[in-house]
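Undergrad: need the 3D shape of this:
(chains A, B, C and D)
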There are 2 protein chains.
Amino acid sequence: MRIGALGQAAGVDVETVRFYEKSGLLPIPARSENGYRMYGATHLERLAFIRHCRALDISLNDIKRLLGFVAQPNEDCGDIDRLIDTQLSKVRARLKSLKALERQLASLKGRCGENHTAGECGILHELVAAAHGEACACHADKA
Amino acid sequence: MRIGALGQAAGVDVETVRFYEKSGLLPIPARSENGYRMYGATHLERLAFIRHCRALDISLNDIKRLLGFVAQPNEDCGDIDRLIDTQLSKVRARLKSLKALERQLASLKGRCGENHTAGECGILHELVAAAHGEACACHADKA
DNA sequence: TGCACACCCTGTAGTTGCTACAGGGTCAAG
DNA sequence: CTTGACCCTGTAGCAACTACAGGGTGTGCA
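TA: Prediction:
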């Protein structure tokens, strides 16, 4: 199959496929006479693997490491476990800070008030207050 | 004050300060004889405002819009309200997908199992299964 | 035969929000 | 008089793509 078909099968843009090849994640494919890339089932599998890992927000670098394990099944897999663990920690940390963020934004929201000019806008007021280091609604929420 | 003092006062790297200036977020400061940037209290306020907005994950572009409102207090502030609202939606969407991610990673974690070779690794197994489109632990979790 | 159109190629530049140099100038203390 | 901390400009790098520009290829239709 050609790059377009591969991309479609995996739900990936053709540019992204070429990008993965350039990044060393997808093996260099054979070329047909006219120079078009020719892919087989193994390429599709590999691409699906990459996309699944990306859906888990695993970095391209880490995916490269995982692909190394797929290629060498006799290696110790402790690193795989640690990789997933690290990934989970990252996600949980981000989750925590996003939750704080949500609280802050939610408390800002609706503060706009009745006076619909920027000078009287509650939101802008709060943001400027923060710039002065005063207690603002969004930081007060931390407690 | 010079750029180093400003940066320290706002908790920002000097390179970042110059970057904000180049991006049009910080007004161009006066220069002393030797060409050093000279800042005053208004610059510090402005910088603090920017950092606070960044802490709320507001994009530099949106911050520029907010600064426009600060400069023109008589404008209608409806856009400010909408901006915060959009920001909140973004954060909530990201939160949702991160939560799904956490579930998926958590279910992968610990699947490594007893056999400590990559070929027998449960995690790798699951990831490869996903590449085949089979039900894998992390996607089965969706229900 | 001619041409439109969809697909493919390479290579480079753009996105966001910084960060990290390289290669220089300035200034006060020891 | 030299060391060191600070400042300057300008450019390149990060992640993970995305979007061209400027070309070639191949199929269908009139």
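
Undergrad: the longest helix along chain A close to DNA strand C?
TA: Longest helix in chain A, counting residues (DSSP state H): helix A:78-108. No - residues of helix A:78-108 are not located near DNA strand C by C-beta under 7 Å from any atom of the strand, the shortest gap being 13.6 Å. C-beta here means a position set from N, CA and C on the backbone, and glycine is covered the same way.

Undergrad: and the angle for that helix with helix B:78-108?
TA: 150 degrees (axes from the mean of the first three to the mean of the last three C-alpha atoms, to 10 degrees).

Undergrad: and the angle for the next helix or strand after helix A:78-108 with helix B:78-108?
TA: Next along the chain after helix A:78-108, taking DSSP states H and E as the criterion, comes helix A:122-131. With the same axes, to 10 degrees defining the directions, helix A:122-131 sits at 70 degrees from helix B:78-108.

Undergrad: pull the CA atoms of helix A:122-131 into PDB?
TA: Taking Å, rounded to 0.1, in the frame of the first residue of the first chain, the C-alpha atoms of helix A:122-131 are listed here in PDB:
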ATOM      1  CA  GLY A 122     -14.600  42.000  37.600                       C
ATOM      2  CA  ILE A 123     -12.400  39.500  35.800                       C
ATOM      3  CA  LEU A 124      -9.900  42.100  34.700                       C
ATOM      4  CA  HIS A 125     -10.000  43.600  38.100                       C
ATOM      5  CA  GLU A 126      -9.000  40.300  39.700                       C
ATOM      6  CA  LEU A 127      -6.300  39.700  37.200                       C
ATOM      7  CA  VAL A 128      -4.800  43.200  37.800                       C
ATOM      8  CA  ALA A 129      -5.100  42.700  41.500                       C
ATOM      9  CA  ALA A 130      -3.000  39.600  41.200                       C
ATOM     10  CA  ALA A 131      -0.400  41.700  39.400                       C
END
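
Undergrad: now for it, which elements pack on it?
TA: The helices and strands touching helix A:122-131, judged by 3 or more C-beta pairs under 8 Å, 6 or more residues apart in numbering or on different chains; DSSP states H and E, are helix A:78-108, helix A:137-140, helix B:41-55, helix B:60-71, helix B:78-108.

Undergrad: by mean pLDDT, show me the worst of the ones you listed.
TA: Sorting the helices and strands packed on helix A:122-131 by mean pLDDT places helix A:137-140 lowest, at a mean of 49.

Undergrad: before we move on, the earlier item: the longest helix of chain A near DNA strand D anywhere?
TA: No - counting by C-beta under 7 Å from any atom of the strand, DNA strand D is not contacted by helix A:78-108; separation bottoms out at 10.7 Å.

Undergrad: centre of the chain versus that helix, how much separation?
TA: Helix A:78-108 sits 12 Å away from the centroid of its parent chain (C-alpha atoms, centre = their mean, to the nearest Å).

Undergrad: what residues of it count as buried?
TA: Neighbour counts over helix A:78-108 (16 or more other C-beta atoms under 10 Å in any protein chain shown) mark A:79-81, A:83-84, A:87-88, A:91, A:94, A:98, A:101-102, A:104-108 as buried.

Undergrad: filter the residues you listed to keep only those in contact with chain B.
TA: A:80-81, A:84, A:87-88, A:91, A:94, A:98, A:101-102, A:104-106, A:108 (C-beta under 8 Å from any C-beta of the partner chain).

Undergrad: wait, which of the helices and strands packed on helix A:122-131 is closest to A:Phe69?
TA: Nearest of those to A:Phe69, taken as C-beta to C-beta: helix A:78-108 at 5.9 Å.

Undergrad: check which helix or strand the closest residue to A:Thr16 other than its chain neighbours maps to.
TA: Excluding its sequence neighbours, the residue lying closest to A:Thr16 (C-beta to C-beta, 6 or more residues apart in numbering or on different chains) is A:Gly7, at 7.4 Å. With secondary structure defined by DSSP H and E, A:Gly7 is part of helix A:3-10.

Undergrad: now check that helix, is it near DNA strand C?
TA: Yes - interface with DNA strand C: helix A:3-10 contributes A:Ile3, A:Gly4, A:Ala5 (C-beta under 7 Å from any atom of the strand).

Undergrad: what helices and strands are in contact with that helix?
TA: Applying 3+ C-beta pairs under 8 Å, 6+ apart, one finds that helix A:3-10 contacts helix A:14-22, helix A:41-55.

Undergrad: show me the contacts for the closest residue to A:Gly122 other than its chain neighbours.
TA: Nearest residue to A:Gly122 in three dimensions, chain neighbours excluded: A:Arg111, at 3.4 Å (C-beta to C-beta, 6+ apart). Contacts for A:Arg111 were tallied using C-beta atoms under 8 Å, 6 or more residues apart in numbering or on different chains; they are A:Cys121, A:Gly122, A:Ile123, A:His125, A:Glu126, A:Ala137.
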